[in-house]
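1. generate coordinates for the sequence data below:
(2 chains)
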Protein chains: 2
Amino acid sequence: MAALSHRLLVDVHTHVYLPRYLSFLRARSAVPRVFTRTTPDGASVERLLILDAEPSGGRPMGPQYWDRALKLDFMKRHGIDISVVRLLRPACVPSSRLTLVAPRSSANPWLDFLSAPAAHELAHQLNDDLETYCSTSPALAGGPLKQLYGFGLLPLVPEVTTASLLDTVHQISALPHLKGVIMGSRGLGNGLDDDALEPVWAALEHAGLVVFLHPHYGVDGKEWGGKDNGHVLPLALGFPFETTIAVTRLILAGVLDRHPGLRVLLAHSGGALPQLSARLASCIAHDPVVAARLQHDARFYLGRLYFDGVAYGAEELAFVGDVVGRADTFAGSSASAAASRGAGLGQRRRGSRRMLFGTDHPFFPPLGETERWKSVVENLEAIEGVHGWDEADKDGVRGGNALALFGLSK
Amino acid sequence: MAALSHRLLVDVHTHVYLPRYLSFLRARSAVPRVFTRTTPDGASVERLLILDAEPSGGRPMGPQYWDRALKLDFMKRHGIDISVVRLLRPACVPSSRLTLVAPRSSANPWLDFLSAPAAHELAHQLNDDLETYCSTSPALAGGPLKQLYGFGLLPLVPEVTTASLLDTVHQISALPHLKGVIMGSRGLGNGLDDDALEPVWAALEHAGLVVFLHPHYGVDGKEWGGKDNGHVLPLALGFPFETTIAVTRLILAGVLDRHPGLRVLLAHSGGALPQLSARLASCIAHDPVVAARLQHDARFYLGRLYFDGVAYGAEELAFVGDVVGRADTFAGSSASAAASRGAGLGQRRRGSRRMLFGTDHPFFPPLGETERWKSVVENLEAIEGVHGWDEADKDGVRGGNALALFGLSK
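-> Below is the predicted model:
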């Protein structure tokens, strides 16, 4: 880790619940809401309630969700120089034993219980708050950079106007410490292949804002069966499946063809997309209608995307590097593409340039009292362990690629 | 391909609809059923109807689904020496443009519209038919082997008795050309983590029969959205997701702990399990209740499973080899497991021994008139292209591993 003393470690996947949003949830009497409960030993604990029917009475929330000092302490403990935080995600918390079917609301999770005007107003307020959260964070030693940057929030709710969305893109692009937007899988309620999002993609592309695609709902909870597996199945499988479906629908709708400059960062190393992109290409090649609609073989688009490194294994990261690095060989139509023939380690090094370290903080906290979090250590060791990446490649994944993607220069 | 003249090429993933099953479907007046329709130019075509509401009037079926001569011709054309066929799968056919939500019946698809006694009787008849189909197939030149072997069928329907299931396992194990059973993801209606399946796993383990786990339903069709993407999403994503969920639930229920000799072969290279097994391990490590239930880290179990090679890319196969080959380093509890550190190509070679070539015939037929099927060529080229596999490893995946798994000796 000595090399990190002069190379930056940047966390692109880390969550924050801003105080305004928490106050908002605390003031609500309907879900989603935050309420205080007194434990049997007299302590007050806050709990986040997402569903009316949650038999556990919601999941506990602590200051690690909103206290910036704790975020900075976490960063210091793990040698993280910069975090690019994303606003709130009232989703499954793995420490709860309750298997929840996520609420099936109609659009993105963060503001989707609001009317369009209220969502617009709150999004603007939260974006301003996040700018302050970042701009007042400590400066990184020896340069102009701050320790915190952020992804803003769009009022992605069903009745919103295009003007409201574009106005919010404009707001975010004018806030110097916000470098992108977070986005769930539902868009305005009809998914990311919704034609109504077309002007939003164009505006995000034009503004150079990164879209961080993050899951929230998983897939239908019936798939998990009746056994008590806690949150293991929705978190381990449902979240990556949701991301995979969302980005695949984005690709199939031609969004990446029409917006080649759009930069989309996928949570959890793209879910299952890396492993299924060749099968996807094969299915498209056997469907002339879909094939004719796309400019390129499906495998090509993986080279247009960015992937966080939240995958917990060296082989997993190596494989993402492989499929990203081979992508350019699949330019052009799917029907004429040759099989991938395994070009060796050169493509794995190329692929590393679109991969970025992340922690998923404050989720996956340690079970015991440990100085460093197992989940973070695993993701750092995974980068270190990738066969075929040299130190420059690893430094890129640990921080250099993020600096380049977000336009941060030392 | 010259090496194949003396090494065998074995297809472990290939489908057949036996005449008895077709007759049965033809005689039915309710779905699922097969009926004949006259085309505008006067030709008669058969169509398979799965849902009452199918607006396309079902999907076309041709003799490639049942005619053994066409199966043998397909094998000859692609240099396939032996096929281990599996009975029927009335699921999505990619040449149809209809996006179908697969029927949500309560158990496995093949016989689940029957009462338990009728399912028992038909399963026994079909198993006998399949034995005849295989035993009367041409002998492989120069040895005692036949060109066709098969996976039998269990009456996996909700009301079936354990005695009926065990009787069918016994029947199959006594039929010399049947080497295993096919199984969908639903078991008796409650998934593969159903305690009621416990005696079935024990009997299959004892009989040495291979369980070929194959998807049928995908995941909830709402996930695919409203755009017309044909069958691309349910086939490319839904099928692998279904397999991934099913085998993960099997692992979480401890079935592989209790039955270390049970041999399970996963369709489509295990779906997304290889890419998500480290995330799965992390989620389990953060859930003490689930972690305490399992003998090993989740990544360990991949070394207990078998994976077909229907993945359409060299990188994909290489990665499956990587995660299978590393599995033994994850013996023991998840909480104490170190991160995977990427042990290089040795583990990829080890992993190859649990991987087996397959075609998915008669699905993914060529769009145009071609001598060899693109889908088959891709899967052969993928094996050829795996970086780090030598000719012996590749020969193993092409056939040697299948001969060993099914106990076929030249």
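
2. could you use CA atoms for every contact and neighbour count after this?
-> OK.

3. for chain B, what are the nearby residues on the stretch 151-300 of chain A?
-> Residues of the stretch 151-300 of chain A lying near chain B by C-alpha under 8 Å from any C-alpha of the partner chain: A:190-191, A:193, A:219-220, A:223-227, A:229-233, A:235-237, A:241, A:245, A:249, A:252, A:271-272, A:275-276, A:278-280, A:282-284, A:286-287, A:289-290.

4. among the residues you listed, the buried ones, what's the PyMOL command?
-> In PyMOL, this line selects whichever of these come out buried by 16 or more other C-alpha atoms under 10 Å in any protein chain shown:
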select buried, chain A and resi 190+191+193+219+220+223+224+225+229+230+231+232+233+235+236+237+241+245+249+252+271+272+275+276+278+279+280+282+283+284+286+287+290
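
5. looking at the residues of the stretch 151-300 of chain A next to chain B, which are in strands?
-> Here DSSP state E is the test, and those give no hits in strands at all.

6. so which of the residues of the stretch 151-300 of chain A next to chain B sit within helices?
-> A:232-233, A:241, A:245, A:249, A:252, A:275-276, A:278-280, A:282-284, A:289-290 (DSSP state H).

7. now for the residues you listed, which pair is the farthest apart?
-> A:232 and A:289 (37.7 Å; C-alpha to C-alpha).

8. could you list the low-pLDDT ranges of chain A?
-> Residue ranges of chain A with pLDDT under 70: A:1-6, A:51-57, A:88-109, A:334-343, A:369, A:410.

9. show me where chain A has its strands.
-> Using DSSP E, strands in chain A cover A:10-16, A:33-38, A:44-49, A:59-61, A:82-87, A:148-152, A:178-183, A:210-213, A:263-266, A:306-308, A:355-356.

10. go through these and pick out the most buried.
-> A comparison of the strands of chain A by mean neighbour count, using mean count of other C-alpha atoms under 10 Å in any protein chain shown, puts strand A:355-356 on top with a mean of 30.

11. other SSEs contacting that strand?
-> On a contact count with 3 or more C-alpha pairs under 8 Å, 6 or more residues apart in numbering or on different chains; DSSP states H and E, strand A:355-356 meets strand A:10-16, strand A:306-308, helix A:401-405.

12. for chain B, find the nearest of these.
-> strand A:306-308 (13.4 Å; C-alpha to the nearest C-alpha).

13. can you put the helices and strands packed on strand A:355-356 in TSV and add distance to chain B?
-> Shown next, in TSV, are those (distance: least, C-alpha to the nearest C-alpha, whole Å):
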stretch	distance to chain B
strand A:10-16	15
strand A:306-308	13
helix A:401-405	22
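
14. and these as TSV, adding distance to residue A:359?
-> Listed next are the helices and strands packed on strand A:355-356 as TSV, based on distance: least, C-alpha to C-alpha, whole Å:
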stretch	distance to residue A:359
strand A:10-16	6
strand A:306-308	9
helix A:401-405	14
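
15. so residue A:279 is in contact with residue B:238, correct?
-> No - using C-alpha atoms under 8 Å, residue A:279 makes no contact with residue B:238, being 11.4 Å away.

16. any idea how far residue A:323 lies from residue A:383?
-> Counting by C-alpha to C-alpha, to the nearest Å, the gap from residue A:323 to residue A:383 is 16 Å.

17. same question for residue A:399.
-> 11 Å.

18. between these two, who's got more neighbours?
-> Taking neighbours as other C-alpha atoms under 10 Å in any protein chain shown, residue A:399 and residue A:383 compare with residue A:383 leading, 30 against 24.

19. what's the spacing between that one and residue B:182?
-> 39 Å.

20. one more: residue A:38?
-> Taking C-alpha to C-alpha, one finds residue A:38 at 53 Å from residue B:182.
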